[in-house]
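In: after the sequence you'll find the predicted model.
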Amino acid sequence: SQQGEEDPQALSIQEGENATMNCSYKTSINNLQWYRQNSGRGLVHLILIRSNEREKHSGRLRVTLDTSKKSSSLLITASRAADTASYFCATALLIQGAQKLVFGQGTRLTINP
Amino acid sequence: DTGVSQDPRHKITKRGQNVTFRCDPISEHNRLYWYRQTLGQGPEFLTYFQNEAQLEKSRLLSDRFSAERPKGSFSTLEIQRTEQGDSAMYLCASSRPPSHEQFFGPGTRLTVL
């Protein structure tokens, strides 16, 4: 079963606008990661935020984490048509020295030119 | 730098047939993961290898599924007596400590008729 839920399930905005996606999860985590998936393709790692971090930036991406509310958000600023994709949050649970990723259902983002 | 590769990219089979997928991780990545993704959902963890040892298996991995990584390099995932419910994208990922970032392959899309 999925660990968390993402909101919204689909988002359509104009190029240049900011896009915000939210993720909620259920259990304690080691870290939370965001991935992008273009249609029918593999996943690309975007950013990792540790459980003791509250905010992290990478280029046009900004991720926040609120462990008290068990939620995270991904902000993409100044969106581009190439940002059109599905975005997944994944919580990392420790297993045998590694980490098992538990994904949400994803947000399907469409950037209109 | 060669990424994670998977073969085949697409597989169409009839119900009851056996299928085998291959994953070649990034060289020097000793951790290898298999995930399954159905349409409109996020990936779900199936199993994890550290070198040649299979250390974690999901309850999703019924007795019809078997995964191997005999020499600690490439891995195979076999599904016996396929069912229509097995239709999904099968994703492979690899990682190397101390990083927890998982690099995903393009996936094998299985269609069971």
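Out: Structure's in. What do you need? Numbering: from 1, shown residues only, chains lettered A, B, ... in the order given.
In: show me what whatever residue of chain A ends up closest to chain B is bridged to.
Out: Closest residue of chain A to chain B, C-beta to the nearest C-beta: residue A:103 (3.1 Å). Any C-beta I mention is one placed from the backbone N, CA and C, and that applies to glycine too. Here residue A:103 sits in beta bridges with residue A:90, going by DSSP bridges.
In: quick check, it in contact with residue B:38.
Out: No: counting by C-beta atoms under 8 Å, residue A:103 does not reach residue B:38; the two are 11.7 Å apart.
In: more neighbours, these two?
Out: The neighbour comparison of residue A:103 against residue B:38 (other C-beta atoms under 10 Å in any protein chain shown) goes to residue A:103, with 25 against 13.
In: and the pLDDT for the residue of chain A closest to chain B?
Out: Per-residue pLDDT puts residue A:103 at 93.
In: how about residue B:25: what's its closest non-neighbour residue?
Out: residue B:94 (3.3 Å; C-beta to C-beta, 6 or more residues apart in numbering or on different chains).
In: same check, this time on residue A:70
Out: Excluding the flanking residues, the one nearest residue A:70 by C-beta to C-beta, 6+ apart is residue A:25, at 5.2 Å.
In: most remote residue from the middle of the chain, which is it?
Out: I went with chain A, as the question did not name one. Distance from the C-alpha centroid of chain A peaks at residue A:96, with 24.7 Å (C-alpha atoms, centre = their mean).
In: that's the wrong chain, I meant chain B
Out: Outermost residue of chain B (C-alpha atoms, centre = their mean): residue B:98, 22.2 Å.
In: close to chain A: what parts of chain B are there?
Out: Contact residues (C-beta under 8 Å from any C-beta of the partner chain) of chain B with chain A: B:4, B:31, B:33, B:35, B:40-45, B:48, B:50, B:55-56, B:89, B:91, B:93, B:95, B:97, B:100-107, B:109.
In: just the buried members of those?
Out: B:4, B:31, B:33, B:35, B:41-45, B:48, B:50, B:56, B:89, B:91, B:93, B:95, B:100, B:102-107, B:109 (16 or more other C-beta atoms under 10 Å in any protein chain shown).
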